[in-house]
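In: my questions are about this predicted structure, shown below with the sequence.
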Amino acid sequence: MNNTDSISQRALELKPSLTLEISALAQSLKNQGKDICSLSAGEPDFDTPDFIKDAAIRAIKEGQTKYGPAGGDPELREAIAYKLKTVNNILTTSENVQITNGGKQAIFNLIQVLLNPGDEVLIPCPYWVSYPAITRFANAIPIFVDSYPETGFELDINKLEQNITNKTKLIILNSPCNPSGRIMNLEELNKIAEVLRRHKHIYVLSDEIYEFLISPNEKHYSLSGIAPDLIDRVFIVNGFAKAWAMTGWRVGYLQGNVEIIKKAIALQSQSTSNVCTFAQKGAIAAIKNSPKGIDFMINSYNERRNKLTVAIKDIKNLQLESQHGAFYAFPSLNKDLPDSLEFCKMALEREGLAIIPGIAFGNDRCIRISCSVSEEIINEGIQRLTNLIQNL
Ligand SMILES: Cc1ncc(COP(=O)(O)O)c(C=O)c1O
């Protein structure tokens, strides 16, 4: 028997995250001395603000270095429930909130405790890379609902509803969206609420991790905030990684129906246990000073997203509708250009440019370009992209 025979069926099907792989490849080429310009980052280029670091350092010095409750620090759960009430109009309590190792574990927990093998999950496409992988790991079935660059990736709600079967258990929403940057508007969310009222067996996972990273003239809406009657069927995933530049701290949360949250806590108590005790103290400082403590980062992403968008629109053979959230652009490749994987391979080999192929997000005719780098790197990356396309 070889080792591969010993690996479980579901682990055999598990592939590492393509986005993390490409960022790591770009970094290792750079370390080898290659001239690499990377617009592949999926994380803030800011350091965590000092007031957050100070709170965590204080906690370490005060000896907050022991096991904590698996569901999370009660003060943090309380602060998140308060934020959800005051910012998102969601009447909830700390009992409905679980603290997780990043938003990723919140998604993993929910899918593990909600889905049975064979359940179907509707995932609008393009999607964040981990949704289908985590769904498949639970032996559930991702069903993709396509949206298109020409319509700015607007979700066709009729198409979403047409894909509902008696096996559909979950719909995953992500606004603002990684990779497209699109923000769902109130009208769309109201239509989704209507769909849920017609199909009472369906739950929603609403990933709002980029909530604060939006242009000043945009507004973020939470589905359970605008449709309080659905509060027990909508789960919010959120976290501290993006808006507070805390990717390495691994603090996120899941909010929703208390019975399901209790099971998610049981799962975490049997797997990773509590999130790092003093990291949670940093998160308390973060959430209590928001968004004023992070305004400068939000403004900076908005400026850089605008610049990136304008520059991409000037490149022949790329198409882009302006979007106003997260820190990415997701332009499409005109038909004369190769598919995304081939295109990104050429970008790295010929120009030393690291960008993420859209295939990682379910669209092989788009590429994801991050603006979470300095303006000089954005300009350099745009130049290399232009050169690549001109010379193809
Ligand atoms: C849409 C989306 N959801 C969730 C996550 C997970 O974030 P975390 O680092 O908190 O696990 C990411 C990270 O890239 C993301 O882009």
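Out: Received, thanks.
In: which residues does the residue in the stretch 101-250 of the chain positioned nearest to the ligand contact?
Out: Nearest residue of the stretch 101-250 of the chain to the ligand (C-beta to the nearest ligand atom) works out as Gly102 at 2.6 Å. For glycine as for every other residue, the C-beta is placed from the backbone atoms N, C-alpha and C. Neighbouring residues of Gly102 by C-beta atoms under 8 Å, 6 or more residues apart in numbering: 239, 241, 250-252.
In: any idea how far Ala59 is from it?
Out: Distance of Gly102 to Ala59, given as C-beta to C-beta, to the nearest Å: 19 Å.
In: could you list the low-pLDDT ranges of this structure?
Out: 1 (pLDDT under 70).
In: spell out which parts of the protein neighbour the ligand.
Out: In this structure, the chain approaches the ligand at residues 42, 102-104, 128, 174, 178, 207, 209, 239, 241, 247, 252, judged by C-beta under 6 Å from any ligand atom.
In: could you list the domains of this structure?
Out: 3-47+294-390, 66-290 (automatic domain parsing).
In: the lengthiest helix in the chain - contacts with which helices or strands?
Out: For the chain, the helix with the greatest residue count under DSSP state H is helix 295-313. Identification of packing neighbours for helix 295-313 by 3 or more C-beta pairs under 8 Å, 6 or more residues apart in numbering; DSSP states H and E yields strand 328-329, helix 375-390.
In: what is the burial count for the nearest residue to Asn257 once chain neighbours are set aside?
Out: Distances taken as C-beta to C-beta, 6 or more residues apart in numbering place Asp232 nearest to Asn257, at 4.6 Å, with adjacent residues excluded. Neighbours of Asp232 under the rule other C-beta atoms under 10 Å: 14.
In: Asp232 against Gly256, yeah?
Out: Yes - applying C-beta atoms under 8 Å, one finds Asp232 in contact with Gly256, separated by 7.4 Å.
In: picking that back up, turn the residues of the chain next to the ligand into JSON lines, columns for distance to Ser300 and secondary structure.
Out: Converted to JSON lines, the residues of the chain next to the ligand look like this (distance: C-beta to C-beta, whole Å; DSSP: H, G, I helix; E, B strand; the rest coil):
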{"residue": "Gly42", "distance to Ser300": "17", "secondary structure": "coil"}
{"residue": "Gly102", "distance to Ser300": "23", "secondary structure": "helix"}
{"residue": "Gly103", "distance to Ser300": "22", "secondary structure": "helix"}
{"residue": "Lys104", "distance to Ser300": "25", "secondary structure": "helix"}
{"residue": "Trp128", "distance to Ser300": "23", "secondary structure": "coil"}
{"residue": "Asn174", "distance to Ser300": "23", "secondary structure": "strand"}
{"residue": "Asn178", "distance to Ser300": "18", "secondary structure": "coil"}
{"residue": "Asp207", "distance to Ser300": "23", "secondary structure": "strand"}
{"residue": "Ile209", "distance to Ser300": "18", "secondary structure": "coil"}
{"residue": "Gly239", "distance to Ser300": "20", "secondary structure": "strand"}
{"residue": "Ala241", "distance to Ser300": "17", "secondary structure": "coil"}
{"residue": "Thr247", "distance to Ser300": "17", "secondary structure": "helix"}
{"residue": "Gly252", "distance to Ser300": "23", "secondary structure": "strand"}
